[in-house]
Each structure stands twice: as C-alpha cells, then as structure tokens.
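Trainee: One predicted model, sequence on top.
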Amino acid sequence: MGKLTLTAFVSIDGVHQAPGGPEEDPSGGFTQGGWSVPFGDDDFGRFVVDNFSHVDAFLLGRRTYEIFAGYWPKMTDPADPIASKLNSLPKYVASSTLTDPAWEGTTVITGDLGKEVTALKERTEGELQIHGSAVLSQSLFALGLIDTLHLMTFPVVLGEGRRLFADGAAPTAFRRTGGTVTGSGVAINTYEREGRPTYGSY
C-alpha cells in the first residue's frame with residue numbers, strides 16, 4: 001500500500017494561500033500572492049527535486065490542478081525533474097465540477113473521497129503526493145488519510161489569507177522524522193501522523 005504525503009508551504013502565521021505568484025489565487029481579495037518566491041534558493045530547490053524523486057502518482061484539488069495544468073504541460077524539457085514527473089505520471093483530481101481535463105494522464109475523482117483515496121493508496125506502490133491543495137488536504141486530514149506532512153515554513157507573517165489548518169481542523173498528533181533549514185531561512189520539517197493528540201497537565 002502506498003503512502004499519502006502532503007507538501008505544504010506556509011507562512012509563520014499559517015497562511016497557505018498563493019505562495020507561487022500574484023495571480024495564483026487572489027480569492028477573498030488576497031493581494032500578497034508570491035510570498036514564497038524570494039526564498040527559493042538552491043537548498044530549497046534540492047529539497048523539491050528530492051521530494052519529486054519519490055513520487056508514483058499525484059493527487060490534487062481542483063484549484064491546484066488548474067494552476068499546474070496551465071503551466072507544467074508547457075515545460076517539455078525531459079531533463080526537468082519536476083516537469084517530467086508531473087507530465088508523465090498519473091494525476092488524480094478530486095472535483096465535482098471538472099469534467100473534461102485536458103492534461104494527459106488525468107483522472108477525476110467524483111465519488112466518496114475516503115473510499116476513492118483509500119483505493120488509490122492501495123494501488124499506488126510508492127508515494128501518492130499532494131502538493132498545495134489546502135481544501136482537499138483539510139478533508140483528508142479529517143479522514144485520517146494523510147500519512148506524511150512535509151511542512152515548509154517561510155520566515156514571513158502575512159496577517160491574512162487562507163490557512164492550512166483553520167479553526168475546526170481535526171486534532172492530530174505528529175512525530176517529526178526529519179528536517180532542515182535552507183540558507184534563506186525556510187524551515188522544512190517532515191512529520192508522520194501518529195493519531196489523536198494526548199493531553200496532560202504541568
């Protein structure tokens with residue numbers, strides 16, 4: 001059975017919205033898109049390339065899928081370690097509105113999310129990777145289906161925008177299994193889901 005991993009960019013105050021560019025996701029009047037870009041140094045690039053080296057299939061939310069589908073199919077260099085994976089490997093999109101995806105290798109998931117993703121994990125040999133896709137990720141955390149979280153925390157506070165873990169997120173305990181800090185100050189930590197939190201008193 002494969003492992004479901006999420007790679008997520010967040011600010012110090014937990015904002016997950018539009019890290020990659022001003023036009024990426026301005027919903028809700030968000031005007032600070034592209035906040036991760038100044039921190040994209042060689043250390044960051046090495047982590048991303050290594051992460052993509054483990055993928056066997058992708059699972060994306062509709063919004064992230066449409067952003068990716070508008071960009072990556074145009075990147076046709078076979079030596080590009082990210083484009084080559086995204087363009088050649090299976091892509092699954094959880095959406096009730098997407099009906100005719102143009103990106104080759106795309107399958108739309110419309111049924112029961114828990115059952116569909118469990119079946120995907122069972123037939124994926126290695127990693128089924130989620131990138132971004134905050135709404136989908138929140139649903140999958142609530143279902144206990146995400147196994148590994150690569151959380152990249154950028155040294156910036158935004159003060160607004162959608163958060164990866166919003167109020168009402170499922171209480172979840174994690175175990176840190178690795179991490180590093182890039183030269184530009186991005187803290188990259190890997191966590192394995194442990195289950196429900198435990199509580200105590202000092």
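Mentor: Noted; the coordinates are in hand.
Trainee: Would you tell me what helix or strand the closest residue to F39 other than its chain neighbours is located in?
Mentor: For F39, ignoring the flanking residues on the chain, the nearest one in space by CB to CB, 6 or more residues apart in numbering is S184 at 4.3 Å. C-beta coordinates here come from the backbone N, C-alpha and C atoms, glycine included. Under the criterion of DSSP states H and E, S184 resides outside all helices and strands.
Trainee: ok, S184 - contacts?
Mentor: Neighbouring residues of S184 by CB atoms under 8 Å, 6 or more residues apart in numbering: P38, F39, G40, D41, D43, F44.
Trainee: again, only this time at 7 Å
Mentor: Shown in contact with S184 (CB atoms under 7 Å, 6 or more residues apart in numbering): F39, D41, F44.
Trainee: May I see the PyMOL selection of the buried members of those?
Mentor: Selecting only the buried entries of those in PyMOL, with 16 or more other CB atoms under 10 Å as the criterion:
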select buried, resi 39+44
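Trainee: out of the contacts of S184, who's nearest Q129?
Mentor: Q129 has its nearest neighbour among the contacts of S184 in F44, at 17.0 Å by CB to CB.
Trainee: Correct me if wrong: V135 contacts G61.
Mentor: Yes: proximity of V135 to G61 meets the contact threshold set by CB atoms under 7 Å, at 5.4 Å.
Trainee: just the helices in the protein please.
Mentor: Here the chain has its helices, by DSSP state H, at 42-52, 62-69, 83-88, 113-123, 134-142.
Trainee: right, and D43 touches T182 too?
Mentor: Yes: the criterion here is CB under 7 Å, and D43 meets it with T182 at 3.6 Å.
Trainee: Between those two, tell me which one has more neighbours.
Mentor: T182 (20 against 17; other CB atoms under 10 Å).
Trainee: Next one: the more buried one from G40, what distance?
Mentor: To G40, T182 is 9 Å away according to CB to CB, to the nearest Å.
Trainee: what's near enough to touch G21?
Mentor: G33, G34.
Trainee: make that L86, sorry
Mentor: The contact partners of L86, by CB under 7 Å, 6+ apart, come to F58, F68, W72.
Trainee: Please convert the residues you listed to TSV, extending it with pLDDT, neighbour count and distance to T110.
Mentor: What follows is the contacts of L86, written out as TSV (pLDDT from 0 to 100; neighbours: other CB atoms under 10 Å; distance: CB to CB, whole Å):
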residue	pLDDT	neighbour count	distance to T110
F58	96	24	17
F68	91	19	19
W72	90	18	23
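Trainee: Can I get those residues in TSV including distance to L128?
Mentor: Below are those laid out as TSV (distance: CB to CB, whole Å):
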residue	distance to L128
F58	7
F68	16
W72	18
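Trainee: just curious, which of those residues is nearest to L120?
Mentor: Distances from L120 to the contacts of L86, taken as CB to CB, are shortest for F58 (10.3 Å).
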